[in-house]
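Participant: below are the sequence and a predicted model; questions follow.
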Amino acid sequence: MIRHAAIRVWTTTALLVMLAAAAHAVTPASLVRDVRHSLGPNLSSSPTSMVSFGDRALFWARTPQLGMELYKTDGTAAGTSLLLDLCPGPCDSVGFRDPIVIGGRAFFLASDGARGVELWQSNGTGPGTRSYVDLAPGPADGAYFFLLDGGDRVLFGTLGPSLRGWDLWSSNGSIVGTGPFVRLSGEAGGGASIPAGARSPRPMPGGRKLYLSNLRTDGIDELWETDGTAAGTRRVLALDQNAGEEICSHDPDLPRVEPGVAIVSISTDGTGCEPWRVADGVATRIVDLAPGVGGSEPHGFVHLGAS
């Protein structure tokens, strides 16, 4: 028995040593490239908004000479370079949303200095990078409020004409394939309508649905579902802020765990913001993580899996 116990101890010890050796054998993290290398204090280039782009990654980074611009990398120093100095000189071109990659093209919001922040696309090369939507001609920024992956298109939202509600847009990367497809009213009474110049895109592929919130002037907090078409856009939930109810999640693309089901942060009278499940117009609280009026304030929901 003592001999068997000793063998078990030796086997366990050997296994731990092997696992430790394997852990040390993993390639350690290493610097890819010092984008903002300079004499004196070597400040960070603040790389941010990294997204996969084929066998490379795109990211924003800042240098004193070029400002905040878009870079690409294959994970090596030699393969890391500026994509294009969109705003020539030290000015920043960066928009306020991560790039969206669809069908070998990256869509992002940026300014070239002459125009304000507008929608651009790139095939990963300087010559293949261009602005193709100009919502606010001249130096003013276009009123983009979100940029989403629609599977085979990019979706974005702009303020409605009364500066309330949303105009939902769809773009396949061409001028003719870019336009609004539905308007969600932010006025009392609410509702959806077809804006002037509307396009009629097909539903998003794979039965994909997006969920977004819309707060009306009469205090009604709505949750809308869309398949990328006007006919496939519907209100699935309405809460009354006057009665202490509200949608705490204001991310435009809320996670869904199965078709027609979204996960939303909701607050009701007497409770703080907690995670809720919304299906067929019915909201059900999943769990009360922090009982009481404070709430757990859940946020940063992300998709997990293929749903």
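Facilitator: Thanks, I have it.
Participant: Ala192 reaches Ala230, doesn't it?
Facilitator: Yes: here Ala192 reaches Ala230: they are 7.2 Å apart, a contact under C-beta atoms under 8 Å. To be clear about C-beta, it is placed using only N, CA and C from the backbone, and glycine gets the same treatment.
Participant: where do the contact lists of these two overlap?
Facilitator: The contact sets of Ala192 and Ala230 overlap at Val182 (C-beta atoms under 8 Å, 6 or more residues apart in numbering).
Participant: doesn't Asn242 fall inside a helix?
Facilitator: Yes: counting by DSSP: H, G, I helix; E, B strand; the rest coil, Asn242 is found in a helix.
Participant: got the contact list for the closest residue to it other than its chain neighbours?
Facilitator: Closest residue in space to Asn242, ignoring its immediate chain neighbours: Gly219 at 4.6 Å, by C-beta to C-beta, 6 or more residues apart in numbering. Applying C-beta under 8 Å, 6+ apart to Gly219 gives the contacts Asp240, Gln241, Asn242.
Participant: if we use 10 Å, what do you get?
Facilitator: Counting by C-beta atoms under 10 Å, 6 or more residues apart in numbering, Gly219 touches Ala188, Leu239, Asp240, Gln241, Asn242, Ala243, Glu245, Glu246.
Participant: list the contacts of the fourth one.
Facilitator: With contacts defined as C-beta under 10 Å, 6+ apart, Gln241 is in contact with Leu215, Arg216, Asp218, Gly219, Ile220, Asp221, Ile247, Ser267.
Participant: let's see that with 6 Å instead.
Facilitator: Residues near Gln241 by C-beta atoms under 6 Å, 6 or more residues apart in numbering: Gly219, Asp221.
Participant: what mean pLDDT does whichever strand or helix holds Gly157 get?
Facilitator: Assigned by DSSP states H and E, Gly157 belongs to strand 154-159. Mean pLDDT, strand 154-159: 89.
Participant: likewise stretch 297-307?
Facilitator: Stretch 297-307 comes out at a mean pLDDT of 71.
Participant: measure the residue nearest to Asn242 to Ala243 for me?
Facilitator: From Gly219 over to Ala243 the distance is 9 Å, taken as C-beta to C-beta, to the nearest Å.
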